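**Student:** model this:
(2 chains)
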Amino acid sequence: SQQGEEDPQALSIQEGENATMNCSYKTSINNLQWYRQNSGRGLVHLILIRSNEREKHSGRLRVTLDTSKKSSSLLITASRAADTASYFCATDAWEGAQKLVFGQGTRLTINP
Amino acid sequence: DTGVSQNPRHKITKRGQNVTFRCDPISEHNRLYWYRQTLGQGPEFLTYFQNEAQLEKSRLLSDRFSAERPKGSFSTLEIQRTEQGDSAMYLCASSFTPVTGDSNQPQHFGDGTRLSIL
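**Tutor:** Alright, predicted model coming up:
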């Protein structure tokens, strides 16, 4: 079963604009991770944020985590055509199952 | 840097046939995971190994599915008597998770094997 829900399901913006994707989840977590997937390819790890962290940056990526609301957001600044992909959040449950539970993803399209 | 390698990339077979996929993880990674992804959905966990031990199996893994990691290196996933509903992308991932210390580790995915059942 899917743990999280991404919002929006699809997002189309112009190159250079910022893209924000949101993720909500249901259970307590150990960490939350964001992945990117290009069509027909595997997932690429972007960023991991621990349950005791509130914000994390990596290059043009900014991730926030609000455990009280069980939600996270991924911000991509100054988007590029190469950012076109599906983005997934995944939670690693505190129970230590060491398995990732993914949402349905946000399909991001960057228009040149 | 060699990443996670999966073979074959595509498999087309008739319903009722058996298929086997292989995954070669990043060397020195002690954990190996299998996921299944259908079109428009996120990956769903199937099973994972710590070295050669299979530690957890999802309810999705029916008795037609079996996974092995005999020497703690590569892994195989076999589906017997394939059904139409088995059509999906099968993804393998690996990670290095220390026995003690920080268990918050990213997983590294291969490009998957796309299975199509005719």
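**Student:** For whichever residue of chain A sits closest to chain B, give its distance to residue B:91.
**Tutor:** Relative to chain B, the nearest point of chain A is residue A:102 (3.2 Å; C-beta to the nearest C-beta). For every residue, glycine as well, the C-beta is placed using N, CA and C. From residue A:102 over to residue B:91 the distance is 10 Å, taken as C-beta to C-beta, to the nearest Å.
**Student:** Mutual contacts of those two, please.
**Tutor:** Any residue near both residue A:102 and residue B:91 by C-beta atoms under 8 Å, 6 or more residues apart in numbering or on different chains counts here, and that gives residue B:43.
**Student:** so who does whichever residue of chain B sits closest to chain A touch?
**Tutor:** Residue nearest to chain A within chain B: residue B:42 (3.2 Å; C-beta to the nearest C-beta). Shown in contact with residue B:42 (C-beta under 8 Å, 6+ apart): A:2, A:88, A:90, A:102, A:103, A:104, A:105.
**Student:** State the helix or strand in which residue B:66 lies.
**Tutor:** For residue B:66, the host element (DSSP states H and E) is strand B:65-68.
**Student:** now do residue B:6
**Tutor:** For residue B:6, the host element (DSSP H and E) is strand B:5-7.
**Student:** after that strand comes which helix or strand?
**Tutor:** strand B:10-13.
**Student:** what sits up against that next one?
**Tutor:** Residues contacting strand B:10-13 (C-beta under 8 Å, 6+ apart): B:19, B:21, B:82, B:113, B:114, B:115, B:116, B:117, B:118.
**Student:** Compile those residues into a markdown table and extend it with columns for secondary structure, pLDDT and neighbour count.
**Tutor:** Output for the contacts of strand B:10-13, formatted as a markdown table (DSSP: H, G, I helix; E, B strand; the rest coil; pLDDT from 0 to 100; neighbours: other C-beta atoms under 10 Å in any protein chain shown):
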| residue | secondary structure | pLDDT | neighbour count |
| --- | --- | --- | --- |
| B:19 | strand | 98 | 18 |
| B:21 | strand | 97 | 20 |
| B:82 | coil | 97 | 20 |
| B:113 | strand | 98 | 22 |
| B:114 | strand | 97 | 17 |
| B:115 | strand | 98 | 20 |
| B:116 | strand | 97 | 12 |
| B:117 | strand | 96 | 19 |
| B:118 | coil | 92 | 10 |
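**Student:** Within reach of chain A, which of the residues you listed are there?
**Tutor:** residue B:114 (C-beta under 8 Å from any C-beta of the partner chain).
**Student:** among the contacts of strand B:10-13, which two are most distant?
**Tutor:** Spatial extent of the contacts of strand B:10-13 (C-beta to C-beta) is set by the pair B:21 and B:118 at 17.4 Å.
**Student:** Near chain B, which residues of chain A are found?
**Tutor:** Those residues of chain A that sit near chain B, judged by C-beta under 8 Å from any C-beta, are A:2, A:30-31, A:33, A:35, A:40-45, A:48, A:50, A:88, A:90, A:92, A:96-105.
**Student:** Does anything pack onto the following helix or strand past the strand holding residue B:66? Which helices or strands?
**Tutor:** The first helix or strand that comes after strand B:65-68 along the chain, using DSSP H and E, is strand B:75-79. Applying 3 or more C-beta pairs under 8 Å, 6 or more residues apart in numbering or on different chains; DSSP states H and E, one finds that strand B:75-79 contacts strand B:19-24, strand B:31-37, strand B:65-68, strand B:88-95.
**Student:** Report the buried residues of strand B:75-79.
**Tutor:** Buried residues in strand B:75-79, counting neighbours by 16 or more other C-beta atoms under 10 Å in any protein chain shown, are found at B:75, B:77, B:79.
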